[in-house]
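Peer 1: Give me a model of this one.
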Amino acid sequence: MNEEDWIPMVERVRITSQIHQSRIGTLLVNTHCLLLFDASHESGGSGDSGVEDPVDSALEPDKPLAILFQLIDAADLNPNTFVITLTTKHFVTFKLFMPNLNDARSILNVINSQLALARDVTDSYPFHHIHNCDNLSDGWLNFPTGDEMNALLSQPKWRLSSVNSKFNVCPSYPPKIIVPAALDDETIIESAKFREGGRFPVLAFYYTARGTALLRSGQPLPGNGLKRSKADEALLNQFASMAAHSAANYCYILDTRSQTDACNDRLKGGGFESDSHYPRYHYFQRPTERVCNLLDSFTKLLECVKTPYPTVEKYLGALEGSRWLDHVKTVLSNACLVAQCLHREKTSVLVHGFEGRDTTLCITTVSQVILSVQCRTIRGFQNLIDREWVKSGYRFEQRHASLLRQSSQNSGAGGRESRNVTVAPVFLLCLDTIWQIMRNFPNCFEFNESLLHYLAEHSYASSFGNFLCNSEAERTSNAVYSRTQSIWQHLSDPKQLTRFLNPLFSRFKGVLWCAVSPEFLTPWTSFYLRHTDPERLFMDAKAARAKERNKLLIKEVRRLRSDAAQLSQRLAAKHAATAASS
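Peer 2: Next comes the predicted model:
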């Protein structure tokens, strides 16, 4: 790090948070993070060697404290106490006790300017940080096409197409895609022209046990004129023909939009598949929550789980009001439905919504966890996240620009989801749903929930390059693969791997049919409250209950006093009447 990257330091700064003890030292600010050097550390030099990983929540007291700007969600200053409060995307709240108001305002201005800065991707922290890993393998090469997909390529009916090698067919798809061997590249190109964002139907998962395929895509573009694409129809018919053990002569198309949204999209040039043009597919709708509503729901959930309610009824009312568990239930039930089609009915399924880059990925991911034992292993789950989220065009940079506030950044892709909202916790919704399955089947996963925590944290602020940008095309153009390290390399290090292992793992090869009733779903408090002191929560709840009891007692006392006053009046009136009659 160059000396010009540093601004004047502030001495005698105290920092506190929920996850480490109070520390006092010299605060320095560079282009990527805040650094607090304790009095026992030398503050000279311009490098950041010896500084703990700013993304790792397990802060080490013997190293300088680093708070990555990418990690900060909001910064506020109390001018009376000179305290800067930093709210982070990892649910950690830092308090910076500054020596005077001028220094506090200077640091706050620097923080806010960094948060508002539209910096180039190559200026982000992963381009300037190197992890020391015992495993010297290149993590970017861990899953070139995926272990399960590699097995398909050994069969003559599948091939690896490079039709998207320059990302000119679909910018959000990877450069190489597995397609049926009988399908030529020209058909794929024409099909992409008929799908939103060029996202033509691709293979997400091949269920070997039944010979059925799980596909995903963007919406078709028939418009109000009900246009059709022979190439798109031929592509889907080819996938339908490859269902090896199908008991039916049809497949399914699951649309994650409501009837209203789908019809509105048709007025704008989009739409859905008609039965007459796709006779081998049965189209049905299973609406999931629109992305623009997820952020509000998630914010209400966090308020609910962090608020000490005096009664269970009020807590349950607030939890129901957030509707977050309704969204989890919807994703889980839709994923179970897809799994049922693939497994029991032995039919292939195509899943899409508007563009197929948000809740569509939730459903296809959870479906594979339900069906495939390989996806429930550590390596298989990493492969699944890499294939379904990183390489399939989920907009990590836009969706995770913040945790609880709207981003002012405009989406680069046209479409309803992008226009309505940029920030949305779609990936967290998927991990939350998977955690619900882990609760029901604790012995069926090789990894524990710490791996879910780890991936969720790094998806919002990371020292690795996997979750940068919004697509494979952007990562390639910004040299992410050559200039940053992969999180999969770090996770394959035996020293790191041990903390994610589930000691109760039993390799169950069956299907995990989950209960989707509301009573079987619960808030993921072990993640959302992982940095909150449970004793403090208990005491706050106890105090809230005492406060509620005091309110009831005061109300009762007032009622008794009112009754006593009325009784006194009646007795006085009765005595007066008796005296008058005598």
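
Peer 1: For residue 511, grab the count of nearby residues.
Peer 2: Here the number of neighbours of residue 511 (other C-beta atoms under 10 Å) works out to 17. From N, CA and C alone the C-beta is placed, and that goes for glycine too.

Peer 1: my read: it touches residue 372, true?
Peer 2: No - between residue 511 and residue 372 there is no contact under C-beta atoms under 8 Å: 9.2 Å.

Peer 1: tell me the contacts of the spatially closest residue to residue 480 that is not a sequence neighbour?
Peer 2: Spatial nearest neighbour of residue 480, chain neighbours left out: residue 465 (4.4 Å); criterion: C-beta to C-beta, 6 or more residues apart in numbering. Listed by C-beta atoms under 8 Å, 6 or more residues apart in numbering, the contact partners of residue 465 are 126-127, 475, 480-481, 483-486.

Peer 1: let's see 6 Å
Peer 2: Contacts of residue 465 were listed using C-beta atoms under 6 Å, 6 or more residues apart in numbering, and they are 126, 480, 484.

Peer 1: Against residue 467, how distant is the second one?
Peer 2: This points to residue 480. Residue 480 sits 10 Å away from residue 467, taking C-beta to C-beta, to the nearest Å as the criterion.

Peer 1: now swap in the first one and tell me
Peer 2: Here the distance between residue 126 and residue 467 works out to 9 Å (C-beta to C-beta).

Peer 1: ok so, going back, angles on the backbone of the residue nearest to residue 480, please.
Peer 2: phi -100, psi 0 (degrees, to the nearest 10).

Peer 1: export stretch 332-343 as PDB, just CAs?
Peer 2: Extracted in PDB, the C-alpha atoms of stretch 332-343 (Å, rounded to 0.1, in the frame of the first residue of the first chain):
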ATOM      1  CA  LEU A 332     -39.100 -24.400  -0.200                       C
ATOM      2  CA  SER A 333     -42.500 -25.600  -1.400                       C
ATOM      3  CA  ASN A 334     -41.700 -24.700  -5.100                       C
ATOM      4  CA  ALA A 335     -38.400 -26.500  -4.800                       C
ATOM      5  CA  CYS A 336     -40.100 -29.600  -3.400                       C
ATOM      6  CA  LEU A 337     -42.600 -29.500  -6.200                       C
ATOM      7  CA  VAL A 338     -39.800 -29.400  -8.800                       C
ATOM      8  CA  ALA A 339     -38.100 -32.300  -7.000                       C
ATOM      9  CA  GLN A 340     -41.400 -34.200  -7.000                       C
ATOM     10  CA  CYS A 341     -41.700 -33.700 -10.800                       C
ATOM     11  CA  LEU A 342     -38.100 -34.900 -11.400                       C
ATOM     12  CA  HIS A 343     -38.200 -37.800  -9.000                       C
END
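
Peer 1: Give me the residues contacting it.
Peer 2: 207, 212, 252, 286, 347, 349, 363, 366-367, 370-371, 433, 511, 516.

Peer 1: of all those, which two lie farthest apart?
Peer 2: 347 and 433 (23.1 Å; C-beta to C-beta).

Peer 1: could you point out which element follows the lowest-mean-pLDDT helix or strand in the chain?
Peer 2: Within the chain, no helix or strand scores below helix 416-420, which has a mean of 37 by mean pLDDT, DSSP states H and E. Downstream of helix 416-420, the first helix or strand assigned by DSSP states H and E is helix 426-440.

Peer 1: residues making contact with that next one?
Peer 2: 328, 331-332, 358, 362, 365-366, 369, 399, 445, 449, 452, 456, 459, 512, 514, 521, 524.

Peer 1: What are the buried residues along it?
Peer 2: Within helix 426-440, the residues that count as buried by 16 or more other C-beta atoms under 10 Å are 426-438.

Peer 1: Could you identify the helix or strand that succeeds it?
Peer 2: helix 449-460.

Peer 1: Now find how far off-centre that following helix is within its chain.
Peer 2: Helix 449-460 sits 9 Å away from the centroid of its parent chain (C-alpha atoms, centre = their mean, to the nearest Å).

Peer 1: Just the C-alphas of it, formatted as CSV.
Peer 2: Below are the C-alpha coordinates for helix 449-460, written out as CSV (Å, rounded to 0.1, in the frame of the first residue of the first chain):
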residue,chain,number,x,y,z
GLU,A,449,-24.3,-24.2,9.2
SER,A,450,-21.0,-22.3,9.7
LEU,A,451,-20.3,-22.8,6.0
LEU,A,452,-23.6,-21.0,5.3
HIS,A,453,-22.6,-18.2,7.6
TYR,A,454,-19.2,-18.0,5.9
LEU,A,455,-20.6,-17.8,2.3
ALA,A,456,-23.3,-15.3,3.4
GLU,A,457,-20.7,-13.0,4.9
HIS,A,458,-18.3,-13.1,2.0
SER,A,459,-21.1,-12.5,-0.5
TYR,A,460,-21.5,-9.0,1.0
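
Peer 1: Which strands border the longest strand seen in the chain, and is each parallel or antiparallel?
Peer 2: If you go by DSSP state E, the chain has its longest strand at strand 20-29. Strand 20-29 has the following strand partners under DSSP bridges: strand 10-17 (antiparallel), strand 33-38 (antiparallel).

Peer 1: Now residue 251: closest residue in space, sequence neighbours ignored.
Peer 2: Sequence neighbours aside, residue 348 is the residue nearest to residue 251 in space, at 4.4 Å (criterion: C-beta to C-beta, 6+ apart).

Peer 1: Please give the centre-to-centre distance between the strand or helix carrying residue 190 and its chain.
Peer 2: Here residue 190, judged by DSSP H and E, is contained in helix 185-193. When distances are taken as C-alpha atoms, centre = their mean, helix 185-193 is centred 31 Å away from the chain's centroid.

Peer 1: tell me which residues of it are tucked away?
Peer 2: For helix 185-193, using 16+ other C-beta under 10 Å, the buried residues are 187-192.

Peer 1: From residue 477, how far out is residue 483?
Peer 2: 12 Å.
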